[in-house]
Structure formats: C-alpha cells, structure tokens
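> One predicted model, sequence on top.
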Amino acid sequence: MDLDFNKNDDKMRLLISQMEQRLQKIYLGGGKQRIDKLHEQGKMSARERIDFLLDKNSNRIEVGAFAGYEMYAEHGGCPAGGVVIVIGYVSGKQCIVVANDATVKAGAWFPITGKKNLRAQEIAMENRLPIIYLVDSAGVYLPLQDEIFPDKEHFGRIFRNNAIMSSEGILQISAVMGSCVAGGAYLPIMSDEAMIVDKTGSIFLAGSYLVKAAIGENIDNETLGGATTHCEVSGVTDYKCKDDADCLTRIRNIMSKVGDYNKAGFNREKPMLPKKEVKEVYGIIPDVRDKQYDMREIIMRLTDNSEFDEYKELYGQSIICAYARIDGWAVGIVANQRKVVKSKKGEMQFGGVIYSDSADKAARFIMNCNQKKIPLVFLQDATGFMVGSRSEQGGIIKDGAKLVSAMANSVVPKFTIIIGNSYGAANYAMCGKAYDPRLIVGWPTAQVAVMGGAQAAKVLVQIEVASLKAKGEVITPEKEVELYNKIKDRYDTQTTPYYAAARIWLDAIIDPTDTRKVISMGIEMANHSPITKRYNLGVLQT
C-alpha cells in the first residue's frame, strides 16, 4: 500500500468515526432521562420497540437518521425528526417500520417529521412494501403548525396516503403505544389492522381538557379514548394488548401469516462476495475532493466476484456503464469516471465531468437495462457537464437532455450512491433525489450542491465586488479575500452530506462497506412491485 492509500484510508476512517459518534447521540433521542421516564411508565423507547419487533440478527436500513440534524435549535432540536424509520424483516417478511419517538417533544410533528413520514410512505407505495406504524405522538408541534399542517405535502397527506395504500392492497398495521390525538387519530382506523396497549395507549380527536373547554363535559383520557373504550365500545381498534412486548409480539404473529407477494422478477443468482477487499475503498477515495482515481477500482469492490462487463468501454469514457451482480442481483451500473481519460479523438477528458459522448452512451445503456428489466445503480462523483464553445457547438445540451430523459423515464428501479461530488446538472443526470431513486444514500465524502464551494465563492465574490464598485466603494484585496472566505465557509457548510441528510435529500449517510447491503435490500424491496408501465422516452432531439 502506498502513502496516498494510507492517507486516504485514515481520512475515511476518521469521517466514519465522526458519523458514528453523531449517530450515537441521535440514537438517544430526547436524552437518557426521557428514556428512563418511558421505562418508568412501562414503555419501551422507539428504538427498543423496533429492535424487539424486527427479526434478530437480520439486515436493516435506517432511513432519515440525520433528519433534522442541526435544525430547530431555537425549539430545542429534533433528533432524527422525532420519528425512527427502518426497512427490515418481521417474521421473515420485508417491511418498513415507522415509530414515533416520544422522547422528542412527546413525539410531536415538526415540519421535517412530516417530510420523513411521507418519505416512508413513498417507499412503501413505490415498492408495495408492508408498513407498520408504532404510534406514540402528541400530534402537530403547535409553534410550527403553519409549516406542517395545511399544505399538500404536510400532515394531512399521511391519511390520503393511508387511503391510497389501502385501495392498492398494501398492508398497513398500526399499534397505538402512547398518544394518538387529533388528526392522527385517523391513522389506526385507516390501517388494515390496529391494536392498542392498555393503560398507555389512547386515541381521541380531542383530549379531556379540550373536551371540557369545547362542550363542558368532564371525562378522563382513559375513559375517553383508552384501550377498553376502543376495543369494547367504539370498535376503533382490533386488539387490546397488555404491554409493549405483547403488542409487538402480536404484530410478529400477524406478519408470520402474510402470504407471498407478486414479484417484479428481477434476476438473482447465488450471491458471491467481491474478490477485492471491500474496505479497500477507504484508501481509494482521495482525501481531497479534486484528486483523481479510477472508479473501476470502486466497482470491483462492490460487485460479486469483483466482476463486471463494461458497455462501450472505449467510448464516452468519462462515464462507466457496466452489467454486474451485487449480492446475486443483476444490476446495470452507471458511474462517473474520476480519472483523466482520452477521448476517441485523442483529446484529454477531465475526470468527473460529463461529456457529450458519455451522456449519449449512458442514455443508450439505460434504455438497454429497461429493455432487459435490470435495476440501475448510479455511482455519483461528478462536478457537472463540460462547458465551453466546443461542447456547446457539439450539442452538450442535447446529449445531456437525452441522458436526463432516459434516466427520468426509466421504469426499472433506480438506486443512487453519492460517493463524492454531486454538483449541478450532474446531480440530475445521475439520478439525484428529484428523479425518484428508490433509495439514495451518500458516503461520508459526499457533497451535494449547484457547484463546489470554491467555484461558487469566486462567482459570488465577482458579483458582489462589481456591485460595490458600481456604488463607488473601494474594494481592497484584503477585503476581497475576507468576502471570499465568508462566502466559501457558508457554502461549504451547505454542501456536506449532513446538511443534505438533515433535509432528507439523502435517505442515509452510510459506511461505504454497507453499500452492497443497501443495494441488495433495495432491489429485494423493489421486487415486491411488478413493472406495469411501458418504457417510453417521449420526444427527444436525437
């Protein structure tokens, strides 16, 4: 191993360690004292409930762990968006679990909570994946009600999705394990099966204080909406459970009897590990983002037996397209090449830049994968499309549009891994969040923005200096440097994977060695949903 490899390896391990330290803090939710208080009430925490529910020693993917990260400081923060969402296995059946975290503002819904819950439902709907709700929430967080209550993608969309999923036969199970109030009270009755924990679970449109204020009736919350009321009188819930463990065991029993699903039919053979050591990716990714490396070395550490069949290997070399297997699943890989290569005309092409020939090749490859019903995996590390007169005259916009159209209209499932840079139109062309990847995750080295911090700062400084000079102000070189550093620091903060994951532009930040697991579980999930739509590109300038 050379010196650069060791430096890269050390940097990546440091980034992973920092990520894990942040996650450990997030896993505590509202803090140990609040978790202890739940235990005193005979309740488990949200994460303890999920651990009890999921099959022991089975794979899982947590979605949105960094949701709300470093947001809402003036409201005391909102770790993980106040809700824990995990894709995993219950009684051998793959499903998605949504558990309110009552240690975070009593499980109240912040704006990011709504966005995260809707992402969970989107995953369930796209993949026809059973969804289990572990409800323990005080409802909308009132100080921010205008940002979570009335709009199309706000709180009410949850119940609209409940109805849509029910009509489409997607299994929904609700367990009321704490508060379930106001509009949230519709969730259990709109699920296929609902259960409630005695003495700790409650469901009502308005609590006892509001009932007293509204109609003058004196009643306690347990009589108003406890387990006895809803299992013996109203019929809102189907099962009365004595405690959290009894409730979660009942869900496992229900899931054990669920029949098999109609499969999409994606090709899978016996999984094989890569021949190349997976952890060597730590030393391949440069410690500085503008250094070059060969993306093929990354691909060989992700694919079964480190094998792949490259499509048009000598054409459009700034994008690598290849057929391969990941954990046995057949995949089509579209990856940005980060080393300098020669074009077919002998011209040098910068690594991480998309050229016309590369866009054309990738578009054709995506069409082929749709023809063969092969899921697509995008490995992003690109600064954008090539600019300049030669590229413009060569039709880069036309070829870029062809790639975006081919990718956007793809009917096979897409999975996006942001390894490094994800800038500008390259984010779009390589299946960024706006283009419906079934899952989109980033490595700790990921950066998402219109452009890099240095480039953005230079552009913005030029604009600012020109504006100040037009007003007659004198700008010294020192002032210009100060302005540049200020803009760059702000911009760099906004390009980090944590900034992206906090806003759910990424489903997760992952250790690179978990990439195969994410892709494999993602394709298994997508296999629940047969393809019914015909692949059609529409009108293109070819």
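Received the coordinates, thanks.

> make it CA atoms for all contacts and neighbour counts henceforth
Will do.

> wait, is residue 162 part of a strand?
No: looking at residue 162 with DSSP: H, G, I helix; E, B strand; the rest coil, it is helix, so not inside a strand.

> ok, it - contacts?
Residue 162 is in contact with 172, 187, 190, 191, counting by Cα atoms under 8 Å, 6 or more residues apart in numbering.

> Also residue 74?
Counted by Cα under 8 Å, 6+ apart, residue 74 has zero contacts.

> And residue 179, by the same measure?
By Cα under 8 Å, 6+ apart, residue 179 lies in contact with 135, 136, 137, 138, 200, 201, 202, 203.

> returning to what we had before: and the contacts of residue 162, which is the shakiest by pLDDT?
In terms of pLDDT, residue 187 ranks lowest among these, with 85.

> you'd agree that residue is in a helix?
Yes: counting by three-state DSSP, one finds residue 187 located in a helix.

> how many neighbours does the closest residue to residue 77 other than its chain neighbours have?
Distance criterion Cα to Cα, 6 or more residues apart in numbering; nearest residue to residue 77, sequence neighbours excluded, is residue 71 at 6.2 Å. Other residues near residue 71 come to 17 when the count uses other Cα atoms under 10 Å.

> same check, this time on residue 21
11.

> mind checking which helix or strand residue 136 is in?
Take DSSP states H and E as the rule and residue 136 turns out to sit in strand 131-137.

> Tell me which other helices or strands that strand touches.
Secondary-structure packing of strand 131-137 (3 or more Cα pairs under 8 Å, 6 or more residues apart in numbering; DSSP states H and E): strand 93-100, strand 172-181.

> just the CA coordinates of the shortest one, formatted as CSV?
This means strand 93-100. This file holds the C-alpha atoms of strand 93-100, laid out as CSV (Å, rounded to 0.1, in the frame of the first residue of the first chain):
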residue,chain,number,x,y,z
LYS,A,93,-41.2,-10.5,5.7
GLN,A,94,-39.5,-7.4,4.5
CYS,A,95,-41.4,-4.3,5.6
ILE,A,96,-40.9,-0.7,6.7
VAL,A,97,-41.4,0.3,10.3
VAL,A,98,-42.3,3.9,11.4
ALA,A,99,-42.0,4.6,15.2
ASN,A,100,-42.7,7.9,16.8
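
> Paired strands for it, with orientation please.
strand 83-90 (antiparallel), strand 131-137 (parallel) (DSSP bridges).

> closest to residue 445 out of those?
Proximity to residue 445 (Cα to Cα) singles out strand 83-90 among the strands paired with strand 93-100, at 23.2 Å.

> For that closest one, give the mean pLDDT please.
For strand 83-90, the mean pLDDT works out to 98.

> What of stretch 296-316?
Summarised as a single mean, pLDDT over stretch 296-316 is 97.

> Start and end of it, how far apart?
End-to-end distance of stretch 296-316 (Cα to Cα, to the nearest Å): 15 Å.

> secondary structure element for residue 151?
Applying DSSP H and E, one finds residue 151 in no helix or strand.

> can you tell me how far it sits from residue 114?
11 Å.

> And the two? Which one has more around it.
Counted by other Cα under 10 Å, residue 151 and residue 114 do not tie: residue 114 has more neighbours, with 24 against 11.

> Give me the buried subset of the contacts of residue 179.
By neighbour count, with 16 or more other Cα atoms under 10 Å, the contacts of residue 179 hold 135, 136, 137, 138, 200, 201, 202, 203 as buried.

> re earlier: for the strands paired with strand 93-100, could you give me CSV that also reports distance to residue 527?
Formatted as CSV, these follow (distance: least, Cα to Cα, whole Å):
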stretch, distance to residue 527
strand 83-90, 14
strand 131-137, 16
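
> So what touches stretch 436-444?
Counting by Cα under 8 Å, 6+ apart, 12, 15-16, 19, 123, 126, 408, 413-420, 431-433, 497, 506-512, 522, 526 sit against stretch 436-444.

> Quick check: which of the helices and strands packed on strand 131-137 is nearest to residue 267?
strand 93-100 (18.3 Å).

> Flag every buried residue along that closest one.
Across strand 93-100, burial judged by 16+ other Cα under 10 Å covers 93, 94, 95, 96, 97, 98, 99, 100.

> So what's the residue count around residue 73?
Around residue 73 there are 10 residues (other Cα under 10 Å).
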